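> coordinates for the following, if possible.
(2 chains)
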Amino acid sequence: MPIQYYIILSLALFCIGIVGVLTRRNAIIIFMCVELMLNAVNLLLVAFSKMHYGLAHVSNTATTTGSEAQLFVFFIMVVAAAEVSVGLAIIVMMYRNVHSVDVNFLNRLKN
Amino acid sequence: MNATQIMFWFLSVLALASALMVLLSKNPVHSVLWLIAVFFAISGHYILLNAQFLAIVNIIVYAGAIMVLFLFVIMLMNLNKETEPQKNIWMQLIGAVSGGCLLMILVSLVRQATEIRAKEALMKTGNIGLISNLGKVLFNDYVVPFEISSVLFLSAMVGAVVIGKKD
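Numbering: from 1, shown residues only, chains lettered A, B, ... in the order given. As a prediction, the model looks like this:
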């Protein structure tokens, strides 16, 4: 498939994630939209890796160009898993203190 | 239109529709289930690009572990449609318009870019996404980041326990 289709699909997913972060007030939904944005970036990285592999494959059939991008996706998944565990612990602590997951309750630093 | 293209369009429409339903559904449990559908569609894209290792890891880690953690926390807090906080309609409209403007600008930029024109992502062939090649690259060139990520996991585990502890 042309690489533009993958770029536009990833951009659409990323922008849906941005709209979710901007419009929802539930902290868990905001967190899920951040995960959606991470996955859009992962999809784009894999598509670009296959694009560079296809360009290098023409001259050298045993090339491993593009495997770095897939490893970066792997590391992004690792970091996202660690981030989710800490973030959900923070949300649970916030729910225990204020009995709500509404992010508008977290404006006390403003005053 | 061959089978690969049909699968590409089907998975794209599935991913975008499910991502929209994540935003639109009022019940947080439904949002989690729609997000799992997005992750399965993205895994289907990885399989189409012959990145089989990432497809399996995406299903196991995201749809299996992370989303179950989300579901567990939501059920622990007893969130449902009645307790869902609502922003006022103007803030929602402003957020949607600004996100749509960003999407329009980026898409027009991609359509104008000349150096990516007529370049193709190789579908269904190529063995760089297979686990043997990725394992060789990971344990030859990226051993140190791999070990650092294990330390990161340990610190995240300790941090989650410390933050979630009651007192």
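
> just the pLDDT at the residue nearest to B:I47 when sequence neighbours are not counted, thanks.
In space, B:I47 comes closest to B:A55 once its chain neighbours are excluded; the distance is 4.7 Å by Cβ to Cβ, 6 or more residues apart in numbering or on different chains. All C-beta atoms are positioned from the backbone trio N, CA, C, and that covers glycine. With respect to pLDDT, B:A55 has a value of 92.

> which residues are in contact with B:A55?
For B:A55, the contact set (Cβ atoms under 8 Å, 6 or more residues apart in numbering or on different chains) comprises B:S43, B:G44, B:Y46, B:I47.

> and B:L106, by the same measure?
The neighbourhood of B:L106, defined by Cβ under 8 Å, 6+ apart, consists of A:L11, A:C15.

> so how far is A:G20 from it?
B:L106 sits at a distance of 17 Å from A:G20 (criterion: Cβ to Cβ, to the nearest Å).

> following the longest helix along chain B, which helix or strand comes up?
If you go by DSSP state H, chain B has its longest helix at helix B:89-112. Going down the chain from helix B:89-112, the next helix or strand is helix B:131-141, by DSSP states H and E.

> counting by contacts, list what that following helix packs against.
On a contact count with 3 or more Cβ pairs under 8 Å, 6 or more residues apart in numbering or on different chains; DSSP states H and E, helix B:131-141 meets helix A:67-98, helix B:52-57.

> any idea how far that helix is from the chain center?
In terms of Cα atoms, centre = their mean, to the nearest Å, the centre of helix B:131-141 is set 23 Å apart from its chain centre.

> and the angle from that helix to helix A:67-98?
On the basis of axes from the mean of the first three to the mean of the last three Cα atoms, to 10 degrees, helix B:131-141 is oriented at 80 degrees to helix A:67-98.

> any idea of the mean pLDDT for helix B:131-141?
Summarised as a single mean, pLDDT over helix B:131-141 is 89.

> distance from the chain centre to the helix or strand just after that helix, please.
Counting by DSSP H and E, the next helix or strand C-terminal to helix B:131-141 is helix B:143-164. The chain centre lies 21 Å from the centre of helix B:143-164; the measure is Cα atoms, centre = their mean.

> what comes into contact with helix B:143-164?
Contacts for helix B:143-164 (Cβ under 8 Å, 6+ apart): A:75, A:78-79, A:81-83, A:85-86, A:88-90, A:92-93, B:138-139.

> contacting residues for the residue positioned nearest the centre of chain A?
Centroid check for chain A by Cα atoms, centre = their mean gives A:L38 as the closest residue, at 0.7 Å. Contact analysis of A:L38 by Cβ under 8 Å, 6+ apart lists A:I76, A:A80.

> show the pLDDT at it.
pLDDT, A:L38: 93.

> does the nearest residue to B:K124 once chain neighbours are set aside count as helix, strand or coil?
Using Cβ to Cβ, 6+ apart and skipping residues adjacent in sequence, the residue nearest B:K124 is B:N50, 5.7 Å away. Put simply, B:N50 is coil when judged by DSSP: H, G, I helix; E, B strand; the rest coil.

> against B:S25, how distant is the residue nearest the centre of chain B?
Centre of chain B computed as the mean C-alpha position; nearest residue by Cα atoms, centre = their mean is B:F39, 5.5 Å away. Plainly put, B:F39 is 16 Å away from B:S25 if you go by Cβ to Cβ.

> and for A:L106?
The gap separating A:L106 from B:S25 is 23 Å, by Cβ to Cβ.

> more neighbours, the two?
More crowded of A:L106 and B:S25, by other Cβ atoms under 10 Å in any protein chain shown: B:S25, with 17 against 13.

> which phi and psi does the more buried one have?
With angles defined as degrees, to the nearest 10, B:S25 sits at phi -80, psi 140.

> tell me the pLDDT at B:S149?
For B:S149, pLDDT reads 92.

> if we can go back for a sec, could you dump the helices and strands packed on helix B:131-141 to a markdown table with distance to B:V162?
Shown next, in a markdown table, are the helices and strands packed on helix B:131-141 (distance: least, Cβ to Cβ, whole Å):
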| stretch | distance to B:V162 |
| --- | --- |
| helix A:67-98 | 8 |
| helix B:52-57 | 28 |
